[in-house]
Structure formats: C-alpha cells, structure tokens
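sharing a model that was predicted from the sequence below.
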Amino acid sequence: MKKYIYLNLFALFLFVSCSSEFTTPPPVIPPDALEELIISEIATYINTDATAGGVRNHYVEIYNGTDKDIDLSNYAIGYQATTDTSTLADWSFSSASNYLQFTGTLASMKAYVIASPVANTTAVKSNITWGTSSTASADASKPLQLSGNSGIALLKKDATGTHTLNGEKYKIIDVFGSPNVARVTSTGATSARNNNIWLISGVTDTRNRTFWRKSTVIKPQTDWDLSRGTSAADSEWNVSEARLWDYSNVGIF
C-alpha cells in the first residue's frame, strides 16, 4: 500500500527525473504487498468544532496494493452512524443514501478517494464526492460526515453476502469503526453525539484526526477491535495529532 516506506533510491531517481505527474514521489511497493482492496486513509472532523473553521475535509481512501487492476463495480462503501456509547447493532445499509456503489477500474498501486461534497477541493483531491452538503449536527447520520462515531465499511459483491445493495448481495471485507463495538464518552464538543467516540491505538480517540493504515497491513480486517488495537504498537493505524490534519498523502493519481 502507498503508506509503505519501502523506498528504492534508483526508482525514485528515475521517477523524479522522468515524470511531473506527482507532486511527491510514491514509495516503491512489492507487487504482492496486498491481498485485496483496503481502507487506507480516512479523515474525521467534528462539525461543531470551532477550530475547524467551518471546513469539513472528510474523506475515505481505498487502495489497490495488489499486483492487478481491480474492477471497482464489484465494490461499495457503507456508512453507519452511532448515536450513543452502548447501543450495539449489526451493520445495516437499508437506505440507498447510506451506501455508495463504485464504478470503473482501479489500477494496481493506485488509490480511490471518496470525499464529502463540502471538503476543500484544493486540500483533498478526490475521485468522487458523496453525501450531504450540510454541516448541521442534525445531519450527522448522513454520509459523509465523519465525526468520530460513524463507521465505514468496504463491501464486495458475494453471492453468500448478508447485505443487499440495490438488489445485489455484498459482504463486508474491511472496516473503520463498527456499530457492534461500544464507544466511550469524551468531552470537547458542544453536541453530545459528537462526544461518543471509539478509542484507537489504546488512548487516541477517533475525532479530528487523519488516520493512515500501517505498512504492516497486507489484508483487510472486518474486526474493528483487532484493527484499532489496544496500543500504538498493535493498532493497524497511524494517527495524526488532534486537529493537526495532514492531507499530503491523499490519493495516488
């Protein structure tokens, strides 16, 4: 995946010398680094946070680190908000507004970025926008308002899948957050809902940060408890400091 720090100096020299397509050179990645598409990067904001300055740079990045191009029409993402700390529920995408079916092809070693319609297009370069353009707290149950308590699932078509999207069966193959995992209560937001969060990496909360999948991750993970980990060492995610969002590595175009 693109977060790998396997830099090959020779390949880097050739890239810098021969191409102006990228502003920063991508890492050189083993062609068999990943087994499947994964959620590779995500950014969250609290919509009532004054320090955000009204900006809602919410996005989800999907990465193809396999050695082949992948037909995106076999995939979708689903969004599910949570409203308290303890109500546990199965993933459910009964409303067409809460899932997005993909189209097109994602080339090997490339990323696909889904951004909120209100994201800054200069900071967050995306392939597609999805969700409500409202920044109101009342709309937090709608995509793509990632306030730190909204789960994202990557789904793949499967005849044995338990989720039906637009008449077709899918199964979940990767997640960030989960309605089946209890949240904790924190402070700092004027909206009570926005103080419901998952902990990640042991002590970090899921609000107002950028998250990058670690280079050690080579396959998707449907168990959020395993993915988020109990410490920085065993989490599958690297996490920015609070309110220090970093979009420098969004997408590979």
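It's in.

which strand residues bridge residue 115?
Note on residue 115: beta-bridge partners residue 59, residue 129, judged by DSSP bridges.

that one: what's it in contact with?
57-59, 121, 124, 126, 128-130, 144 (C-beta atoms under 8 Å, 6 or more residues apart in numbering). To be clear about C-beta, it is placed using only N, CA and C from the backbone, and glycine gets the same treatment.

and with 10 Å instead?
43, 56-61, 121, 123-131, 144, 250-251 (C-beta atoms under 10 Å, 6 or more residues apart in numbering).

what segments of the stretch 151-253 of the chain are strands?
163-165, 168-176, 184-185, 196-197, 199-200, 204-205, 210-213, 237-239 (DSSP state E, counting those that start in this stretch).

what helices or strands is the last one leaning on?
By that I understand strand 237-239. Counting contacts by 3 or more C-beta pairs under 10 Å, 6 or more residues apart in numbering; DSSP states H and E, strand 237-239 packs against strand 38-43, strand 204-205, strand 210-213, helix 224-228.

what do you get if the cut-off is 8 Å, keeping everything else the same?
strand 210-213 (3 or more C-beta pairs under 8 Å, 6 or more residues apart in numbering; DSSP states H and E).

could I have the CA atoms of the strand it packs on written out in CSV?
Extracted C-alpha coordinates of strand 210-213, given in CSV (Å, rounded to 0.1, in the frame of the first residue of the first chain):
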residue,chain,number,x,y,z
THR,A,210,-6.2,11.8,9.9
PHE,A,211,-5.7,8.0,10.0
TRP,A,212,-3.3,6.0,7.8
ARG,A,213,-3.2,2.3,7.6
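
quick one: contacts of that strand?
When contacts are defined by C-beta under 8 Å, 6+ apart, strand 210-213 is touched by residues 1, 3, 38-44, 63, 176, 200, 236-240, 245-247, 249.
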